[in-house]
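>>> Provided below are the primary sequence and the corresponding predicted coordinates.
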Amino acid sequence: MSSRVGALFVYFRTVTQSRRHFFDFLFKFLLAIVILIVISPFFLVLIQVASIGFQQVFGSGPGQGLEFFTTFPGVGLAGGVRNAFVGTVELVVLAGGVGIPLSVFGAVYITEYTQAGWTRAIVEFTSDVLAGIPSIVFGAFGFAFLVDFLHLGMGIIAGSLTLAFMMIPTVLRTTQEALRAVPMSLREASLALGATKWSTTWNVTLRAAFPGLITGVLLAIGRVMGETAPLIFTAGNNLSVPTSLTGSGSWVASMPYTIWAYISDPREYLQAKAHGTALALMIMVLTIDVVANLVSRKVTRRLV
Amino acid sequence: MSKEEIQAIDHSESESEVSFIHRLKNRIVDPFDDFLNADRSGKTDKAGKVFLLVPAFASTLIIILILAFLLFESTPILTSPVGGPGIIVNPTWDPNRNLYGIAIFVVGSLLCTTIAIGIAVPVGIGGAIFLSEFCPMRLRQPIKMITEMMAAIPSIVYGLWAYIVLVPYIKNVLAPSLQNNPLTGWIPLFQGDTNGLSLLAGGVILAIMLLPTVVTITTDALQTVPTSLREASLALGATQSETARKIVISAALPGVGAAIVLALGRAVGETMAVLMVTGNSLQIPYTLFDPTYVMTSIITNQLGYAFVFPLWRSALFAVGLVLMIMSVCFTLTAKLFIRWGMKTRGYI
């Protein structure tokens, strides 16, 4: 203990010896404060949402705790948010069902079956562009193309297809990255044993790249789960769960949309429900993010 | 020219023609023959390659479709006499009188983005320098994890927080204290009554949402700078902070540039959080406390009503087209930064 105090004392003596060393100390100290400022919003948001929403999600009163997820809003929206919870799960499952195979197959084709050239460059470039497109543009596109042009109508299909489009760049680029990290010798060993390229890809390469693939999939799911803007004009809203695949019975609620609808409602008690929904959504998204990190730390979040 | 030579030329021409047809035939017919002659696993292999070709171009197809539909939908307003390309500099938006100027939204978006970038870039780069250069090893991983979690929080949750906490704070604490303080009360930027829903609120919440992007990408860029550069600088007697400021940052400049451009793209395209806190009033903001209207908000708020009015709807899609063009430009610029980094430094 005393040696530590001594070391600290020596450090402060060094620091105050010259102007340059004092400035060095000051710079580091300032940056330490800056990093605290950077991460403080996370805790501010978490505390605000949890302090009001905790009672809703984990409380034991009527319409709280488990009932919050198992009852429909009902009269005056006084009940739970089962419609939103079920709707989000359905949307994400459907979007994943379309988006994940599409992007994984695409990544397999451009990494395994093409040489570096214009094919690969085009696919990489377009998926990077796709990753940067604002979510409301996806919403407007989904409205113009799926709802209006293809006559799918608003509902679960149009909503989940729009979300699937948004998943493609994330999954494609992380899968590609993971496939690229698989050593060539694994593929060569499989080919040398007489396997075709197809079975090598599915049984050897993809299996070796699986942790990276899962990470990409989880990151994409976490991202689309919290999207509101693409769903406003494609999925609509519903106080119950969708009962059909077309028509107005297929309209579907989602948790982000419900938060938005409740927070802009003048009724006071809906604020608490909005916080509860936000807390539940945050817990889901952050859990997915942590799991993605645990599965594979190596996959960097490619942002470009 | 002798006869043999002419014959030789003719001969070679006819031969090349034959070989061309032959080659074409080979290109088309041989794969089928191969496919039919192959055994079962060989057939799977060959069919699989064709089957994978379709998903590979899904992203390209979607981009083309998005561009085509935005252009197609915004054609009516761009060709109509009341609209035309001039709507981008016309500040009057009044669909009831057939006035579709979108300049207000463009200006609102740019101002919000400027404030957000002005806050997020210095703070984010500072945080990234700390994280990459000075942070104790034990703290680095948790802090990185928190910034990644911040990137994962849905924008609607940020919007909720800003609406419940930030907006009342600006209304009740920040605006009165700045306006009543004789030191800052005279500054034109701080004038005006406010209900908290303002340009400033939008800029601040955007900055908070951009921070994880800037910090993560900049940290990655700083950590790819070779240690030898730092060692050389320290060996010459520079302090750690001088090394970080003068050597590491300039070596990682392309990566930092890419981080800023990508943050710009996110800021312009952010929808829900900004929609909830900027007040959505049809005016050009002159002070920080004035409400404003951004491009993403106008689409979100009005597309639901406008879709039966061709011109109105078309004007909203024109806003979407502007957003799309901006985001493509930002992605291209980020790519250029990365190419610059690879060319001059060999890393990014």
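Sure thing, it's come through. For clarity, every value in this text was computed on a predicted model and none was experimentally measured.
>>> per-domain residue ranges of the chain.
By default, I'm working from chain A. Described in terms of automatic domain parsing, the domain architecture of chain A consists of the residue ranges A:2-58, A:68-295.
>>> hm, I was asking about chain B
B:3-79, B:86-344.
>>> Pick the most buried one from those.
Among these, the stretch with the highest mean neighbour count (mean count of other C-beta atoms under 10 Å in any protein chain shown) is domain B:86-344, at a mean of 20. Bear in mind the C-beta positions are built from the backbone N, C-alpha and C, glycine included.
>>> distance of residue B:330 from chain A?
Separation of residue B:330 from chain A (C-beta to the nearest C-beta, to the nearest Å): 6 Å.
>>> out of everything not next to it in sequence, what's closest to residue A:107?
The spatially closest residue to residue A:107, leaving aside those adjacent along the chain, is residue A:175, at 3.8 Å (C-beta to C-beta, 6 or more residues apart in numbering or on different chains).
>>> I figured that neighbour was touching residue A:212, is that so?
Yes: applying C-beta atoms under 8 Å, one finds residue A:175 in contact with residue A:212, separated by 7.1 Å.
>>> Do a quick rundown of the helices in chain A.
Counting by DSSP state H, chain A has these helices, from start to end: A:2-17, A:19-58, A:67-70, A:82-108, A:118-132, A:135-141, A:156-180, A:184-192, A:197-200, A:206-208, A:210-225, A:229-232, A:255-263, A:269-295.
>>> and if you look at the stretch 1-150 of chain B?
Under the criterion DSSP state H, counting those that start in this stretch, helices of the stretch 1-150 of chain B are mapped to B:3-37, B:40-56, B:58-79, B:103-129, B:137-152.
>>> packing partners for the third one?
Think helix B:58-79. Packed against helix B:58-79 by the contact rule (3 or more C-beta pairs under 8 Å, 6 or more residues apart in numbering or on different chains; DSSP states H and E) you find helix A:82-108, helix A:118-132, helix A:135-141, helix A:156-180, helix B:310-344.
>>> Which of those helices sits closest to residue A:270?
In terms of C-beta to C-beta, the element of those nearest to residue A:270 is helix A:82-108, at 12.7 Å.
>>> Run through the residues that contact whatever residue of the stretch 201-304 of chain A ends up closest to chain B.
Minimum separation of the stretch 201-304 of chain A from chain B (C-beta to the nearest C-beta) falls at residue A:226, amounting to 2.4 Å. Taking C-beta atoms under 8 Å, 6 or more residues apart in numbering or on different chains as the criterion, residue A:226 is in contact with A:256, A:281, A:285, B:152-157.
>>> try residue B:150
Counting by C-beta under 8 Å, 6+ apart, residue B:150 touches A:39, A:41-42, B:211-212.
>>> Give me the residue at the spatial middle of chain B.
When chain B is reduced to its mean C-alpha position, the nearest residue by C-alpha atoms, centre = their mean turns out to be residue B:265, at 2.6 Å.
>>> Make sure that residue is indeed in a helix.
Yes: counting by DSSP: H, G, I helix; E, B strand; the rest coil, residue B:265 is located in a helix.
>>> Return the distance of it relative to chain A.
If you measure residue B:265 against chain A using C-beta to the nearest C-beta, the figure is 5 Å.
>>> ok, the nearest residue to that residue once chain neighbours are set aside - contacts?
On the basis of C-beta to C-beta, 6+ apart, the spatially nearest residue to residue B:265 that is not a chain neighbour turns out to be residue B:330, at 3.6 Å. By C-beta under 8 Å, 6+ apart, the contact set of residue B:330 is A:132, B:261-262, B:264-265, B:268.
>>> Can you report how many residues neighbour the residue of the stretch 51-200 of chain A found nearest chain B?
Here the residue of the stretch 51-200 of chain A nearest chain B is residue A:134; by C-beta to the nearest C-beta that distance is 2.7 Å. By other C-beta atoms under 10 Å in any protein chain shown, the residues close to residue A:134 number 24.
>>> Good, we can wrap up now.
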